[in-house]
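Novice: Coordinates for the following, if possible.
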Amino acid sequence: MATKLLSVKECKEIYGLSRITLINYEKKGLIKPVRTPGGVRRYRVEDIERLLGILEDKQERVGKTILYARVSTRKQQPYLENQVQRLEEYAKSRGWKYEVIKEIASGVNENRRGLQKLLNMVKRGEVERVVIEYPDRLARFGFHYLKELFDGFGVELVVINGREGEKERVQELMEDLVAIVSSFAARIYGQRGAKNANKQEE
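Specialist: Numbers count the residues shown, from 1 in each chain. Okay, the predicted model is just below:
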């Protein structure tokens, strides 16, 4: 099996190691990068994980189940807690050790902290399965792309219910629509403001 190599950016995203930290490790002889034909640094996954002590305890983390729950707004907090409870009951009934990631964020927001944490855990090989209540909890759009990503890392994606109730679905769609329109309007006004500022400077 070919050794997976990581760029400096990937080391930062997945392991939280900055470029300066990596270079300091090199100077101390703790890690040795692979150079591309163009002289760009690449790092072996096993070297990084051995350095961070990940390889030694990886067996303890294999089999972790992540329960992911999400709602769009704070007024849906009770629904979020009920969602977590249902996911926990499902996991307990199957004897799975689990960790809960829950957040309040729009389903069209691709920069959710909880989602980013989940994706980084998947990329580090810490997750065996991800359990969600409905596909829309994970992403309003692009669910199948995320599923393919999980499949590529050998992570099972479990959806315990096929579709949300119509009331909850319509409510969240409206919230996401408002978020999209607000974001779009902010960008338009921001561009106009920048143009006006440039004209004044001229």
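
Novice: who touches whichever strand or helix holds K12?
Specialist: Of the helices and strands defined by DSSP states H and E, K12 is found in helix 8-15. By C-beta atoms under 8 Å, 6 or more residues apart in numbering, the list of residues contacting helix 8-15 from outside reads 6, 17-19, 22, 41, 43, 48, 52, 120, 123-124. Yep, even glycine has a C-beta here, placed from its N, CA and C like the rest.

Novice: pull the helix or strand with minimum mean pLDDT from this protein.
Specialist: Counting by mean pLDDT, DSSP states H and E, the weakest-scoring helix or strand in the chain turns out to be helix 54-61, with a mean of 50.

Novice: I'd like the next helix or strand past that one.
Specialist: Moving toward the C-terminus from helix 54-61, the first helix or strand encountered (DSSP H and E) is strand 65-71.

Novice: rewinding a little: tell me which residues of the helix holding K12 are tucked away?
Specialist: 8, 10-11, 14-15 (16 or more other C-beta atoms under 10 Å).

Novice: Take the contacts of helix 8-15 and keep only those in helices.
Specialist: The helices, defined by DSSP state H, take in 19, 22, 48, 120, 123 from the contacts of helix 8-15.

Novice: Excluding chain neighbours, what is closest to the fourth one?
Specialist: Right, the one you point to is N120. The spatially closest residue to N120, leaving aside those adjacent along the chain, is I14, at 5.6 Å (C-beta to C-beta, 6 or more residues apart in numbering).

Novice: can you check the third one too?
Specialist: In this structure, I48 finds its nearest non-sequential neighbour in Y15, 5.9 Å apart by C-beta to C-beta, 6+ apart.

Novice: got a pLDDT number for that neighbour?
Specialist: If you check Y15, the pLDDT there is 86.

Novice: Any figure for the gap between it and N120?
Specialist: Here Y15 is placed at a distance of 9 Å from N120 (C-beta to C-beta, to the nearest Å).

Novice: And the helices in this protein?
Specialist: Per DSSP H, the chain carries helices over the ranges 8-15, 19-27, 45-51, 54-61, 77-93, 113-123, 135-138, 143-152, 166-201.

Novice: what's the average pLDDT for the third one?
Specialist: Okay, so that is helix 45-51. pLDDT averaged over helix 45-51 gives 84.

Novice: picking that back up, just the closest of the buried residues of helix 8-15 to E89, please.
Specialist: Nearest to E89 among the buried residues of helix 8-15, counting by C-beta to C-beta, is I14 at 31.8 Å.

Novice: Next one: the closest one from Y134, what distance?
Specialist: When C-beta to C-beta is applied, the distance between I14 and Y134 equals 28 Å.

Novice: Ok, T21 next?
Specialist: 40 Å.

Novice: higher neighbour count, the two?
Specialist: Comparing T21 with Y134 by other C-beta atoms under 10 Å, the one with more neighbours is Y134, at 19 against 13.

Novice: Isn't that one up against R140?
Specialist: No: if you go by C-beta atoms under 8 Å, Y134 and R140 don't touch, sitting 10.8 Å apart.
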